[in-house]
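In: model this:
(2 chains)
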There are 2 protein chains.
Amino acid sequence: MNGSGSRKTSGTTKTIVTLSKTTSAPIKNSLAGKLLKAIRSVLPDAGRTYALHEPEFSGKEKEFLHRCVETTMVSSVGPHVERLERALEQYTRAKHAVAVANGTAALHIALKLAGVQPGDEVLVPTLTFAATANAVAYCGAVPHFVDSEESTLGVDAGRLMEHLQAQTENRNGRCINRKTQKVIRALLPVHTFGHPVNLDGMLKIAHDFNLVLVEDAAESLGSLYQGHHTGTFGLLGTLSFNGNKIITTGGGGAILTHQDELARKARHLTTTAKIPHPWEYRHDEIGYNYRMPNLNAALGCAQLEKIESFLERKRKLTGRYREALAGMDEVRLVEEPGGSRSNYWLQTLILAPAEEGCLPEILKQLHSAGILARPAWTPLHQSRPFASCPRMELAVAESLSRRILNLPSSPGLTGDTP
Amino acid sequence: MNGSGSRKTSGTTKTIVTLSKTTSAPIKNSLAGKLLKAIRSVLPDAGRTYALHEPEFSGKEKEFLHRCVETTMVSSVGPHVERLERALEQYTRAKHAVAVANGTAALHIALKLAGVQPGDEVLVPTLTFAATANAVAYCGAVPHFVDSEESTLGVDAGRLMEHLQAQTENRNGRCINRKTQKVIRALLPVHTFGHPVNLDGMLKIAHDFNLVLVEDAAESLGSLYQGHHTGTFGLLGTLSFNGNKIITTGGGGAILTHQDELARKARHLTTTAKIPHPWEYRHDEIGYNYRMPNLNAALGCAQLEKIESFLERKRKLTGRYREALAGMDEVRLVEEPGGSRSNYWLQTLILAPAEEGCLPEILKQLHSAGILARPAWTPLHQSRPFASCPRMELAVAESLSRRILNLPSSPGLTGDTP
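Out: Numbers count the residues shown, from 1 in each chain, chains lettered A, B, ... in the order given. I've put the predicted structure just below:
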């Protein structure tokens, strides 16, 4: 019986802390064992696989999908698209929501509408999913990576301010990176794992340095900052309804904005920039095939009706993890920042700096036990496509990426009736 | 009662040929009237609106959508995606089919895999939907517009050959546009309205001028050229399953190729270029969020099971239009090219050159009568985003665009049981 096999066959702490024979250095297995025990008290079924985040379809999903089939309205024109948009507007209090194919498409169009030009730079946290930076690249622009803070896991406003003061100058109202001589056009913070970023700080930086603020709220549907929905503070915000998000449309996303003209342009650009006409096909710019199909919107309408239940149960799950981890000094459960309401999309632990070496072994043991925990993303400046991009000092993000552990976070895990 | 009102209120020929008082030049209404009468003999219900192409859901659509909801597999990973891909491979005899978010995404990735680089030119018919040229632009390349032929409505092989002989030179195995000094990298013909282009001609041009052949088969699922499926002759081919296509997934498309490595790359690029790993997030290039969600694939699986029925009834509909239009010298019904089987996605009439001035009035009258006929697309070189692109002489495409009339083409129009 080898070390790997032993982890698979038992859920008891004793077996799990067996040292792997193939590992050269001694492994600090005690933390992995303690964590598994604590997590098992929240997720008790040893025979089950616990995904990171599973959708729940306890509402009118089937009914709405039926309606699409019955009416043959499955494609980009259809009543569910409009209904979803109105429901998102009501829920987020954004004046306009434009439903699109996915969160990446939403980011791409939002950045174009923010005026991002080929050759520009856009301030993006390095600690985010690749889509945030990919969307910048689709515009022919370059991500300029910024660091995160421990408290919100989002962009560190104070240190970004210092970086911009030291490295940029205002030339005719534009923020110029002195080193690259490029225009820094926009600031694209992310509400990481659903926790609102310091939006007061972001707004001040955007104001002081003439940057357009676009919020990547892909992970934060349901999260509020000082009582207002994330994604509605910047000129534009973007949502994602991917299968792993708090609500899903299969694949989908949305652009939020308070400005009529931007919403009109978003609709135009996402529908191939076709000039409206009953039969003529004429396009006035290079457009995209990015509108959300009605079929996917139907799912979204049913999902959005249940969001309060999802939020409530996810918050309850946080409480369970909090209880289970109480007294463990080696880890910290991420809690919503003061003045914010987080959707707790993901339940996130952060290892104390001294424990960061344990993360690979913790992941292995949790996976062996059927608990599909996840670390943070590899910081983007450490990935091949973005290795040569401009950046500030990124020590906190680098450290966080070695210490973050996301736990199974599905609303269904509390066992309560939906 | 004005001219426009008169058109709306009656389906009889007599009223329809009333001249509009607001028109300065006398309108040749007799052709519009004759056509309406002929089309009405195929589409007899004067109280109904006849869309250009409506999907039909007479198979297992609801059952498969249910299964997605029951299993919670609605997003980009799921059994229906694989099932649709295998079914498409079996149906088209392509070694690989990769399901993606839509036909535009399929084109974008196919062109990238064909090696299209920023600054390149790609030969594209001017008579096509904007997506064909947009996908070229997404690669940072420029469409080089080519003319069409009357018979297939696709790229005119003979005249393109002459154009390339006159305007390009072979430099180190690359086809160089002498005027722009750019590399012409690929040839991207379209199987227009489902009619196979002259693929022998395309293959010869690709061979003789060192071009990569990529087929835009968005409109031609079910169409064969010399017994083989369109989209499988080039290095890559692309399909669309938009709501107006012969089968639909709401929004969707696919990339076809016989090459293992290209299929692997297509899957990689369309799933954000993430390096496979149970928990790590690392990406080795700038990727895209272009995979088809399982929910949409479920619809596609049900639809593809019915394609033979769709093809049969669409062919029958062609027969009805043929009969109805027999003896009208002013128009020609487009028939499948010799040696090809067309899917007859759209039923297409072409006005005789002398009649081209009548097209706007014909469209108005048909729309007033609830028959939502469509002209061809505005040739892309006449649209703002592509006005300055390189091109050959485009007289035939320009003429065709003034003479093409697409008629309602849904398989359900024959009235036969699905």
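In: near chain B, which residues of the stretch 151-300 of chain A?
Out: Residues of the stretch 151-300 of chain A lying near chain B by Cβ under 8 Å from any Cβ of the partner chain: A:242-244, A:248, A:250-251, A:272-274, A:278-289, A:291-296, A:299. Any C-beta I mention is one placed from the backbone N, CA and C, and that applies to glycine too.
In: phi, psi for A:Arg384 please.
Out: Backbone geometry at A:Arg384, expressed as degrees, to the nearest 10, gives phi -50, psi -50.
In: next one: it from A:Asp147, what distance?
Out: 21 Å (Cβ to Cβ, to the nearest Å).
In: A:Gly287 now?
Out: A:Gly287 is 36 Å from A:Asp147, by Cβ to Cβ.
In: longest helix of chain A?
Out: helix A:307-325 (DSSP state H).
In: so where's chain A uncertain?
Out: For chain A, applying pLDDT under 70 flags the ranges A:1-29.
In: burial count for the residue in the stretch 301-418 of chain A that chain B sits nearest to?
Out: Across the stretch 301-418 of chain A, no residue is closer to chain B than A:Trp377, which sits at 4.0 Å (Cβ to the nearest Cβ). By the criterion of other Cβ atoms under 10 Å in any protein chain shown, A:Trp377 has 23 neighbours.
In: contacting residues for it?
Out: A:Trp377 makes contact with A:Leu127, A:Thr128, A:Phe129, A:Ala130, A:Ser401, B:Tyr281, according to Cβ atoms under 8 Å, 6 or more residues apart in numbering or on different chains.
In: what is the burial count for the spatially closest residue to the fourth one that is not a sequence neighbour?
Out: So the one you mean is A:Ala130. Leaving aside its chain neighbours, A:Ala130 sits nearest to B:His283 (4.7 Å; criterion: Cβ to Cβ, 6 or more residues apart in numbering or on different chains). Residues lying near B:His283 (other Cβ under 10 Å) number 24.
In: what's near enough to touch B:His283?
Out: The neighbours of B:His283, taking Cβ under 8 Å, 6+ apart as the test, are A:Ala130, A:Ser383, A:Arg384, A:Pro385, B:Thr272, B:Ala273, B:Lys274, B:Ile275.
In: A:Thr71 too?
Out: Neighbours of A:Thr71 in contact, by Cβ under 8 Å, 6+ apart: A:Gly78, A:Pro79.
In: same thing with A:Ala298?
Out: A:Glu61, A:Phe64, A:Leu65, A:Arg67, A:Cys68, A:His80.
In: and the gap between the residue nearest to A:Arg320 when sequence neighbours are not counted and A:Lys316?
Out: Nearest-residue entry for A:Arg320: A:Val42, 4.7 Å, with adjacent residues in sequence omitted and distances by Cβ to Cβ, 6+ apart. Distance of A:Val42 to A:Lys316, computed by Cβ to Cβ: 11 Å.
In: just the element for A:Lys37, please.
Out: helix A:29-42 (DSSP states H and E).
In: please apply the same query to A:Asn406.
Out: Secondary structure from DSSP H and E places A:Asn406 in strand A:404-407.
In: picking that back up, show me what the residue nearest to A:Ala130 is bridged to.
Out: Note on B:His283: beta-bridge partners by DSSP bridges are B:Lys274.
In: re the thing from before, packing partners for the helix holding A:Lys37?
Out: helix A:13-16, helix A:307-325, helix A:359-368 (3 or more Cβ pairs under 8 Å, 6 or more residues apart in numbering or on different chains; DSSP states H and E).
In: how about that helix: buried residues?
Out: A:Asn29, A:Leu31, A:Ala32, A:Gly33, A:Lys34, A:Leu35, A:Leu36, A:Ala38, A:Ile39, A:Arg40, A:Val42 (16 or more other Cβ atoms under 10 Å in any protein chain shown).
In: again, but for stretch A:94-106
Out: A:Ala94, A:His96, A:Ala97, A:Val98, A:Ala99, A:Val100, A:Ala101, A:Asn102, A:Gly103, A:Thr104, A:Ala105, A:Ala106.
In: ok, now how distant is the third one from A:Ala110?
Out: Just to be clear, that refers to A:Ala97. For A:Ala97 relative to A:Ala110 (Cβ to Cβ), the value is 12 Å.
In: tell me where the stretch 201-350 of chain A has helices.
Out: According to DSSP state H, counting those that start in this stretch, the stretch 201-350 of chain A carries its helices in the segments A:260-270, A:294-304, A:307-325.
In: nearest to B:Pro408, out of these?
Out: helix A:294-304 (20.9 Å; Cβ to Cβ).
In: so what's the residue sitting nearest the centre point of chain A up against?
Out: Centroid-nearest residue in chain A: A:Glu219, 3.4 Å away (criterion: Cα atoms, centre = their mean). For A:Glu219, the contact set (Cβ under 8 Å, 6+ apart) comprises A:Val190, A:His191, A:Thr192, A:Phe193, A:Gly194, A:Ser240, A:Lys245, A:Asn343, A:Trp345, A:Leu346.
In: tally of neighbours for the closest residue to the second one other than its chain neighbours?
Out: The spatially closest residue to A:His191, leaving aside those adjacent along the chain, is A:Ser220, at 3.5 Å (Cβ to Cβ, 6+ apart). Counted by other Cβ under 10 Å, the residues lying close to A:Ser220 total 31.
In: likewise A:Leu203?
Out: A:Leu203 is flanked by 15 other residues according to other Cβ under 10 Å.
In: check contacts around it.
Out: A:Leu213, A:Phe233.
In: in the stretch 151-300 of chain A, what residue lies closest to chain B?
Out: Closest point on the stretch 151-300 of chain A to chain B, by Cβ to the nearest Cβ, is A:Gly243, at 2.4 Å.
In: okay, now that residue: neighbour count?
Out: 23.
In: which helix or which strand is home to the residue lying closest to it once chain neighbours are set aside?
Out: Leaving aside its chain neighbours, A:Gly243 sits nearest to B:Ser75 (2.4 Å; criterion: Cβ to Cβ, 6+ apart). B:Ser75 belongs to no helix or strand when elements are defined using DSSP H and E.
In: so who does B:Ser75 touch?
Out: Shown in contact with B:Ser75 (Cβ under 8 Å, 6+ apart): A:Pro55, A:Asn242, A:Gly243, A:Asn244, A:Thr248, A:Gly250, A:Gly251, B:Pro293, B:Asn294, B:Leu295.
In: show me what from the stretch 301-418 of chain A comes close to chain B.
Out: With Cβ under 8 Å from any Cβ as the criterion, the stretch 301-418 of chain A meets chain B at residues A:Leu363, A:His367, A:Leu372, A:Ala373, A:Arg374, A:Pro375, A:Ala376, A:Trp377, A:Thr378, A:Ser383, A:Arg384, A:Pro385.
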